[in-house]
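**Student:** Please work out how this folds:
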Amino acid sequence: MNSSDIGDRIMVNTKEKAPAEKVIKLHWDFSKWNGRDYLETWLDIGSELQDFVAERIREDVLTQHRILHSHTPGELKHIQAEYVQKAMDDYAAKTGRLVELGNKLMTPPN
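**Tutor:** The predicted structure follows:
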């Protein structure tokens with residue numbers, strides 16, 4: 001294959017749009033959103049994330065304390081299992097809350 005063969009396969013007409021560009025047209029209308037409400041929602045998201053990280057760090061420290069004071073391998077395994085279960089529950093709950101706030105950002109008020 002030489003360079004002329006490659007050139008035959010490359011679309012060189014830049015005026016012609018790709019099929020996706022012909023189909024997808026987005027119209028953004030922010031007139032329904034109140035800037036203050038939008039900003040407050042972003043601040044709520046930041047606050048939720050900050051609270052979540054702080055709570056997870058507290059749980060990490062508490063778990064490390066419990067691990068250091070465990071006496072048997074069975075007790076250690078139980079502490080670790082509780083930690084993982086609580087972490088999964090916390091992450092699931094926080095994800096739900098963040099999805100809720102994200103929907104609030106993407107849905108204009110009535």
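
**Student:** residues in contact with Tyr83?
**Tutor:** By C-beta atoms under 8 Å, 6 or more residues apart in numbering, the residues touching Tyr83 are Glu59, Thr63. The C-beta positions use only the backbone N, C-alpha and C, and glycine is treated the same way.

**Student:** Show me the helices in this structure, by range?
**Tutor:** Taking DSSP state H as the test, the helices found in the chain are 3-9, 19-23, 35-68, 73-106.

**Student:** Compare those and say which comes out lowest on pLDDT.
**Tutor:** Confidence, taken as mean pLDDT, is least for helix 3-9 of the helices of the chain (a mean of 49).

**Student:** OK, contacts around the nearest residue to Leu49 once chain neighbours are set aside?
**Tutor:** With C-beta to C-beta, 6 or more residues apart in numbering as the criterion, Leu49 has its nearest non-adjacent residue at 7.7 Å, and that residue is Leu98. Counting by C-beta under 8 Å, 6+ apart, Leu98 touches Ile45, Glu48, Leu49.

**Student:** rerun at 10 Å
**Tutor:** By C-beta atoms under 10 Å, 6 or more residues apart in numbering, the residues touching Leu98 are Asp44, Ile45, Glu48, Leu49, Phe52.

**Student:** Done for today, thanks.
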